[in-house]
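Novice: sequence first, predicted coordinates after that:
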Amino acid sequence: MLKTLSSLIDRLSEALFSIVSWFTALMVIIMFCIVLLRYGFNMGSIAAQESITYLHGMVFMLAIAHTLKINGHVRVDILYQRWGKKGQAWVNLIGAIFLLLPVCSFIIYISWEYVATSWSYFEGSREAGGIDGVFLLKSLIPIMAILLLLQGVSESIKAINIISEKNNGR
């Protein structure tokens, strides 16, 4: 049952990543249009400029769990690479239990009121002609923490499976 849960969480991360990865291409296209309009036709759009910020935020906040899944985060532990699968699994499990999961839980807790306040008056851009969706952008904070927490649970399950296997290396 735990392997099924881990697989389900991994599929969620992969699905989100496959959608969000297209946002980078969209950012390039929008930025090209902004530059073309500004320097070619002396026209500008605050909403178009803000859309870059929104897309950039979505790329990082919604793809962070996938980065953890593929082990793409920065690792500064010089001993980790020398340890076998079981040793690495222990480091991953301890790191998830004592660092990742508590930090994600804290982010969810601390950001909840901040986001709820923003939603209470549908906070919009401070710029005239901007995107009236700042409350949506702020919602990415707890969503990111929830996705990262779920992926941390999945990685913990994988680590427990590796630790509990026999003859899988030291």
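Specialist: Nice, thanks for sending it over.
Novice: show me which positions of the strand or helix carrying residue 88 end up buried.
Specialist: Assigned by DSSP states H and E, residue 88 belongs to helix 85-95. Within helix 85-95, the residues that count as buried by 16 or more other C-beta atoms under 10 Å are 86, 87, 88, 89, 92, 93, 95. C-beta coordinates here come from the backbone N, C-alpha and C atoms, glycine included.
Novice: got CSV for these, with distance to residue 28 and pLDDT too?
Specialist: Below are the buried residues of helix 85-95 laid out as CSV (distance: C-beta to C-beta, whole Å; pLDDT from 0 to 100):
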residue, distance to residue 28, pLDDT
86, 43, 94
87, 41, 92
88, 36, 92
89, 39, 94
92, 34, 92
93, 39, 95
95, 35, 93
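Novice: mind checking which helix or strand the residue nearest the centre of the chain is in?
Specialist: Geometric centre of the chain, nearest residue: residue 64, 2.7 Å, by C-alpha atoms, centre = their mean. For residue 64, the element it lies in under DSSP H and E is helix 46-69.
Novice: kindly provide the distance from the residue lying farthest from the centre of the chain to residue 31.
Specialist: Distance from the C-alpha centroid of the chain peaks at residue 41, with 36.8 Å (C-alpha atoms, centre = their mean). Remark: distance between residue 41 and residue 31 (C-beta to C-beta, to the nearest Å) = 16 Å.
Novice: dihedrals phi and psi, residue 43?
Specialist: phi -120, psi 150 (degrees, to the nearest 10).
Novice: isn't it right up against residue 36?
Specialist: No - using C-beta atoms under 8 Å, residue 43 is not in contact with residue 36, being 9.3 Å away.
Novice: give me the neighbour count for the nearest residue to residue 97 once chain neighbours are set aside.
Specialist: Excluding the flanking residues, the one nearest residue 97 by C-beta to C-beta, 6 or more residues apart in numbering is residue 156, at 6.8 Å. Residue 156 is flanked by 21 other residues according to other C-beta atoms under 10 Å.
Novice: contacting residues around residue 156?
Specialist: Residues near residue 156 by C-beta atoms under 8 Å, 6 or more residues apart in numbering: 92, 93, 96, 97, 101.
Novice: with distance to residue 136 as extra columns, can I get those in TSV?
Specialist: Listed next are the contacts of residue 156 as TSV, based on distance: C-beta to C-beta, whole Å:
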residue	distance to residue 136
92	33
93	35
96	29
97	32
101	26
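Novice: and these, which is closest to residue 57?
Specialist: residue 101 (23.3 Å; C-beta to C-beta).
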